[in-house]
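[1] task: produce atomic coordinates for the following.
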Amino acid sequence: MKRSALVPSLRSLFISFLFFGGLIACGPPAPDHLPVEKEEPLRSTEELRADLKSDDWQKRSEAVLDIQKQGERTFEADLLRLLESDASPAVRQIAALTLADWQSRKAVPIIVRLLSRPEIAPGVTVDATFMLDALYRMPDASGAAAAAAYLLDNDLNRRLYAVRALEAMQSGGALVLSMAQRNTDPEKARAFVMALGKLGYRPAESYLKGQLKSPAQTTQAAAILALGRVKSVSSVPELVRILDSDFVKGRENAKEALLDIAMPDTASHVLPLLRSSREETRYFAAEIAGRLPGRDTGEKLLKMFQENDRLTSAPAATALGYMKYEPARSAIETRLVDRNAAEREALARSLGWIGSRASIQPLIQVLRESDGDGRYGAAWSLGILEAEEALPDLEKAANSGDSRLASLAIEAIGSIASPSSLPLLVSRARDPGVQVFAIDAIGRIPGDQAVQELQELATGGNEKTAALAVQALSGRKEPAAVDALIATLRKTSTESPLAGQIYAGLHRQTGQRYTTKNQWLQWDEIRKRK
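    Next comes the predicted model:
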């Protein structure tokens with residue numbers, strides 16, 4: 001039997017913690033290719049047990065990693081002992097993560113105790129980041145107070161890990177608010193704001209509104225989101241003001257907050273912003289008005305649209321689209337086919353949101369134009385409407401030299417999901433500029449032929465093409481997709497990054513948790529004999 005590391009493995013996460021100690025979302029961009037370990041023999045329980053007793057902390061750590069990888073849960077008591085009393089912080093840390101992944105509740109009080117008292121010997125401490133991560137993986141309300149204490153830690157990453165753990169626990173709101181009100185360090189205020197928002201702790205509303213005046217824009221931005229999460233209706237006027245402010249992140253977060261609060265007839269507060277000189281504000285307001293309308297919002301928006309003002313016309317249509325306001329459809333169609341109209345892409349998209357098949361012919365008419373941004377919205381909406389009668393025009397657009405039009409047309413073809421489009425999509429799947437869209441579209445088309453085409457792309461293309469094809473196969477819920485993944489695995493080196501992706505795809509399809517090529521192939525043989 002063989003074993004190989006799935007990426008990301010607990011081993012690689014542990015190494016990342018040791019060397020970088022930061023959040024996964026921080027730091028440099030992720031590499032294009034993830035490392036894949038060579039397959040190695042599985043270790044016997046006797047060998048693992050012997051290494052757990054070694055005087056060398058590295059051997060003990062390696063043994064814990066291999067126990068986790070091999071799923072050797074008979075070692076739970078041993079790992080609890082290591083977590084409780086091992087002399088090495090590294091051994092305790094990796095034991096905590098393994099036990100958390102196993103949902104070993106007996107480990108919780110030990111983890112909480114290590115968070116409260118991380119020093120295990122004079123001058124020797126465990127890294128609390130690991131313990132916070134363990135409580136994130138295995139949330140338990142008994143750990144809320146210990147986790148909340150790290151909101152005051154001097155290390156930013158550790159504060160953010162504390163926020164994440166508290167969010168998973170959904171506990172500790174009163175304590176966090178009390179700590180926040182006593183905190184005098186503006187750099188740490190952001191963590192308190194984030195925690196209160198993620199806990200949805202409504203008694204924190206007044207404190208969060210006060211943080212809108214923080215001198216730090218990062219804290220202001222966090223407070224805006226948090227007010228949305230605590231459903232602060234009283235903050236709606238201030239959030240609407242921020243929606244048209246110079247604070248870029250504030251505008252983005254204010255939109256999300258207003259949608260989270262979901263106050264009925266928020267539209268009446270934001271409709272004036274459709275006349276803002278700031279384009280982003282106009283469209284944010286349009287989305288909010290369309291999603292949170294009042295009784296007469298549709299009539300007001302249609303009246304605004306009929307003014308034919310170049311500034312407000314398209315945002316008004318967008319809002320009407322979000323509302324699916326059918327009485328506006330004919331007027332929008334008439335405006336759309338006028339090539340002198342402003343922002344025709346937005347007009348076309350609004351028809352897709354309204355969702356009437358009566359709009360298909362005007363949209364096809366616009367798609368056939370030789371230029372103009374109306375074609376982009378038309379292609380998108382024809383996909384939303386699943387307009388099979390538009391396939392000839394969409395397939396022509398999919399071969400366009402305009403890469404944006406081609407991409408949108410290919411996405412629309414995928415939404416329509418007609419097997420007749422397979423030849424076109426397969427030909428476009430070899431083009432690096434649009435292959436992401438083409439292979440995804442093939443993945444949406446039902447039937448064995450689509451599976452076969454994906455298998456050929458997975459085994460006969462370059463690394464990127466193969467990875468996209470495996471991703472598409474992994475998302476299909478049918479036995480033929482499992483067969484195609486196994487066939488691809490047979491032709492894939494265990495040293496290729498693709499191997500780990502195939503293992504993950506097979507797990508998603510079957511629920512099985514094998515971690516080596518040989519294990520999956522043996523599973524396949526047994527499956528076929530049944």
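
[2] from here on, contacts and neighbour counts on C-alpha atoms
    OK.

[3] how many residues are close by the residue nearest to Gln170 when sequence neighbours are not counted?
    Leaving aside its chain neighbours, Gln170 sits nearest to Leu199 (5.6 Å; criterion: C-alpha to C-alpha, 6 or more residues apart in numbering). If you count neighbours by other C-alpha atoms under 10 Å, Leu199 ends up with 22.

[4] next, the contact list for Leu199, please.
    Leu199 sits next to 166-167, 170-171, 173 when contact means C-alpha atoms under 8 Å, 6 or more residues apart in numbering.

[5] equivalent analysis for Gly447, please.
    Counting by C-alpha under 8 Å, 6+ apart, Gly447 has contacts Pro419.

[6] got the phi and psi for it?
    phi 110, psi 160 (degrees, to the nearest 10).

[7] now what about whichever strand or helix holds Ile242, what contacts it?
    Take DSSP states H and E as the rule and Ile242 turns out to sit in helix 236-243. Helix 236-243 is contacted by residues 224, 250-252, 254-255, 257-258, 269-270, 281, 284-285 when judged by C-alpha under 8 Å, 6+ apart.

[8] likewise for stretch 264-272?
    So stretch 264-272 is contacted by 237, 240, 258, 285-286, 288-290, 292-295, 297 (C-alpha under 8 Å, 6+ apart).

[9] let's see it at 10 Å
    The contact list for stretch 264-272, computed with C-alpha atoms under 10 Å, 6 or more residues apart in numbering, reads 233, 236-237, 240-241, 243-244, 258-259, 273, 281-282, 284-298, 300-301, 304, 316, 319.

[10] give me the buried entries from those.
    233, 236, 240, 243-244, 258-259, 273, 281-282, 284-293, 297-298, 301, 304, 316, 319 (16 or more other C-alpha atoms under 10 Å).

[11] most surrounded residue in the contacts of Leu199?
    For the contacts of Leu199, neighbours tallied by other C-alpha under 10 Å; top is Leu166, 30 neighbours.

[12] who's in contact with that residue?
    Counted by C-alpha under 10 Å, 6+ apart, Leu166 has contacts 132, 135-136, 139-141, 143-148, 160, 172-173, 176, 195-196, 198-199.

[13] again, only using 7 Å
    Contacts for Leu166 (C-alpha atoms under 7 Å, 6 or more residues apart in numbering) come out as 144, 147, 195.

[14] with Ser234 instead?
    Ser234 neighbours (C-alpha under 7 Å, 6+ apart): none.

[15] please enumerate the strands of the stretch 51-200 of the chain.
    Under the criterion DSSP state E, counting those that start in this stretch, the stretch 51-200 of the chain contains strands at 119-121, 124-125.

[16] reformat those as JSON lines; add mean neighbour count and mean pLDDT.
    Below are the strands of the stretch 51-200 of the chain laid out as JSON lines (neighbours: other C-alpha atoms under 10 Å; pLDDT from 0 to 100):
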{"stretch": "strand 119-121", "mean neighbour count": "14", "mean pLDDT": "98"}
{"stretch": "strand 124-125", "mean neighbour count": "14", "mean pLDDT": "98"}
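
[17] quick check: which ranges of the stretch 51-200 of the chain have low pLDDT?
    Within the stretch 51-200 of the chain, no stretch has pLDDT under 70.

[18] can you give me the helices for the stretch 101-250 of the chain?
    108-116, 128-137, 144-148, 156-169, 173-182, 186-199, 205-210, 217-229, 236-243, 248-261 (DSSP state H, counting those that start in this stretch).

[19] so which other helices or strands are in contact with the fifth one?
    It refers to helix 173-182. Secondary-structure packing of helix 173-182 (3 or more C-alpha pairs under 7 Å, 6 or more residues apart in numbering; DSSP states H and E): helix 186-199.

[20] got the CA positions of the helix it packs on in CSV?
    Extracted as CSV, the C-alpha positions of helix 186-199 are listed here (Å, rounded to 0.1, in the frame of the first residue of the first chain):
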residue,chain,number,x,y,z
PRO,A,186,-7.5,51.9,18.5
GLU,A,187,-5.4,49.2,16.7
LYS,A,188,-7.3,46.5,18.5
ALA,A,189,-10.8,48.0,18.1
ARG,A,190,-11.1,46.5,14.7
ALA,A,191,-10.9,43.0,16.1
PHE,A,192,-13.6,43.7,18.6
VAL,A,193,-15.8,45.2,15.9
MET,A,194,-15.3,42.2,13.6
ALA,A,195,-16.1,39.7,16.4
LEU,A,196,-19.3,41.5,17.5
GLY,A,197,-20.4,41.6,13.9
LYS,A,198,-19.7,38.0,13.2
LEU,A,199,-21.5,37.1,16.4
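
[21] and that helix with helix 217-229, angle?
    Computed by axes from the mean of the first three to the mean of the last three C-alpha atoms, to 10 degrees, the angle separating helix 186-199 from helix 217-229 equals 20 degrees.

[22] now the angle from helix 186-199 to helix 173-182?
    Using the same axes, to 10 degrees, helix 186-199 lies at 160 degrees relative to helix 173-182.

[23] how far does helix 186-199 sit from the chain's center?
    For helix 186-199, the separation from the chain centroid amounts to 22 Å (computed by C-alpha atoms, centre = their mean, to the nearest Å).

[24] return the set of buried residues in that helix.
    188-199.

[25] quick one: the residues you listed as a markdown table, columns for distance to Gly500 too.
    Putting these into a markdown table (distance: C-alpha to C-alpha, whole Å) gives the following:
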| residue | distance to Gly500 |
| --- | --- |
| Lys188 | 39 |
| Ala189 | 41 |
| Arg190 | 38 |
| Ala191 | 35 |
| Phe192 | 38 |
| Val193 | 38 |
| Met194 | 35 |
| Ala195 | 35 |
| Leu196 | 38 |
| Gly197 | 36 |
| Lys198 | 33 |
| Leu199 | 35 |
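
[26] of those, closest to Ala484?
    Lys198 (41.4 Å; C-alpha to C-alpha).

[27] and the protein, what are its domain boundaries?
    Under the assignment the TED database, the domains of the chain span 356-446, 451-529.

[28] hang on, the earlier thing: which of the buried residues of helix 186-199 sits closest to Gly505?
    Using C-alpha to C-alpha, the buried residues of helix 186-199 come closest to Gly505 at Lys198, 31.2 Å.

[29] tell me how far that closest one lies from Glu47.
    Lys198 is 44 Å from Glu47, where distance means C-alpha to C-alpha, to the nearest Å.

[30] and the helices in the stretch 401-530 of the chain, which stretches?
    403-416, 422-428, 435-444, 448-460, 463-474, 479-490, 497-510, 517-529.

[31] which residues touch the first one?
    Helix 403-416 has contacts (C-alpha under 7 Å, 6+ apart) with 376, 379-380, 382-384, 386-388, 391, 394, 397-400, 434, 437-438, 441-442, 444-445.
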